[in-house]
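**Student:** coords below, sequence missing:
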């Protein structure tokens, strides 16, 4: 009776679990299985998140998850499958990064775990209980893994960069659809797209850069290894080159983050001005608005009560912009609150809630208020 190897059994269990989860998620996108949105719903969601064109992005994500998951589960072309999964999850991480790390707040914990598992399996191999072993590793050569990881890194970097540019473009000016509606046709708060600030972009860029670096290192680790696992001179040279490339990329990313922060601050202010400019015949009414004490909800979002007192002689509606500034006066977030008609001399209550979790010292400020 053949001896069972614990390491290979562990790899089999990990491949089956991770591959099965990815396959299920991919078929949700491709076919609408397991209660998924299908290609049409996924395409709308992709476009709303900044992945254009939406239909092509939906099929790419679905194929990456379903195809990569299926290949991992059976252990076929494992280095390529792992690189596909890691690259696909890099795109998901860029979407979830603004919400932080933990999944309960919408963070990137879950896609990061799946991507790390795919990356690790791609580097380690599928083990002896796999299709790769049965085929003599014809589809799992070191050079194939190196090429797959390099292609995955470049592809993920291109997709994430293009998405970030689209998100910044939406913050700078009008989009192809009318503001105030989501891609699915439901109402959209004015802050959903326009008032994202540098901490969001910074975390997205760092997460995407981290996955790109990991993929590059995986490619270097797989290239040129000899049968006993020791790197050849060519592999050592490639690893040094990869390290230099990662260091250069990190330096460039740091400079880009600083530039993006300044650009996003200007975009947020421009978007706020645009929203208020849509109010016709409005009068400055900042003196009518008083802020209460901010409180933090379970999701880390800040809520600020507003008391609006109409000091005019006529009834009027209000459009109010509330900024959330850090201790140095830098803009972290901004929301626009619309208050229904308030009779002359009367008061009304409203609430301004930040779009996301805010940490540290945060001060809410009434930036603008119009009565009309």
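**Tutor:** Happy to help now that I have it. The structure presented is a predicted model; accordingly, all values stated were derived computationally and were not measured.
**Student:** What strand or helix carries the most centrally placed residue in the chain?
**Tutor:** Centroid-nearest residue in the chain: residue 95, 1.4 Å away (criterion: C-alpha atoms, centre = their mean). Taking DSSP states H and E as the definition, residue 95 sits inside helix 78-96.
**Student:** next structured bit after that helix?
**Tutor:** Counting by DSSP H and E, what follows helix 78-96 is helix 109-124.
**Student:** what angle do that next one and helix 78-96 make?
**Tutor:** Calculated by axes from the mean of the first three to the mean of the last three C-alpha atoms, to 10 degrees, helix 109-124 forms an angle of 160 degrees with helix 78-96.
**Student:** Could you shift the numbering so residue one becomes 40, and keep it that way?
**Tutor:** Right, with 40 as the first residue, what we last looked at is helix 148-163.
**Student:** Distance from the chain centre to helix 148-163, please.
**Tutor:** 17 Å (C-alpha atoms, centre = their mean, to the nearest Å).
**Student:** what's it packed up against?
**Tutor:** When contacts are defined as 3 or more C-beta pairs under 8 Å, 6 or more residues apart in numbering; DSSP states H and E, helix 148-163 packs onto helix 45-70, helix 93-113, helix 117-135, helix 181-211, helix 237-261. Backbone N, C-alpha and C define where each C-beta goes, glycine included.
**Student:** Out of those, which is closest to residue 379?
**Tutor:** Closest to residue 379 of the helices and strands packed on helix 148-163, according to C-beta to C-beta: helix 181-211, at 28.0 Å.
**Student:** can you count the residues close to the residue lying closest to residue 350 once chain neighbours are set aside?
**Tutor:** Once flanking residues are discounted, residue 350 sits nearest to residue 327: 5.6 Å by C-beta to C-beta, 6 or more residues apart in numbering. Neighbourhood size, residue 327 [other C-beta atoms under 10 Å]: 24.
**Student:** Can you tell me how far residue 327 is from residue 358?
**Tutor:** Per C-beta to C-beta, to the nearest Å, residue 327 is found 12 Å from residue 358.
**Student:** shared neighbours, the two?
**Tutor:** Here residue 327 and residue 358 have residue 408 as joint contacts, going by C-beta atoms under 8 Å, 6 or more residues apart in numbering.
**Student:** So the residue nearest to the centre of the chain sits against residue 88, correct?
**Tutor:** Yes. The criterion here is C-beta atoms under 8 Å, and residue 134 meets it with residue 88 at 5.4 Å.
**Student:** Now do the helix holding residue 134: which elements does it pack against?
**Tutor:** helix 45-70, helix 93-113, helix 148-163, helix 181-211, helix 237-261.
**Student:** among the helices and strands packed on helix 148-163, which is nearest residue 373?
**Tutor:** When these are ranked by proximity to residue 373 (C-beta to C-beta), helix 181-211 comes first, at 11.2 Å.
**Student:** What is the closest one packed up against?
**Tutor:** Where contact means 3+ C-beta pairs under 8 Å, 6+ apart, helix 181-211 is packed against helix 117-135, helix 148-163, helix 230-233, helix 237-261, helix 272-316.
**Student:** Lowest mean pLDDT across these, which one is that?
**Tutor:** Least confident of these, judged by mean pLDDT, is helix 230-233 with a mean of 36.
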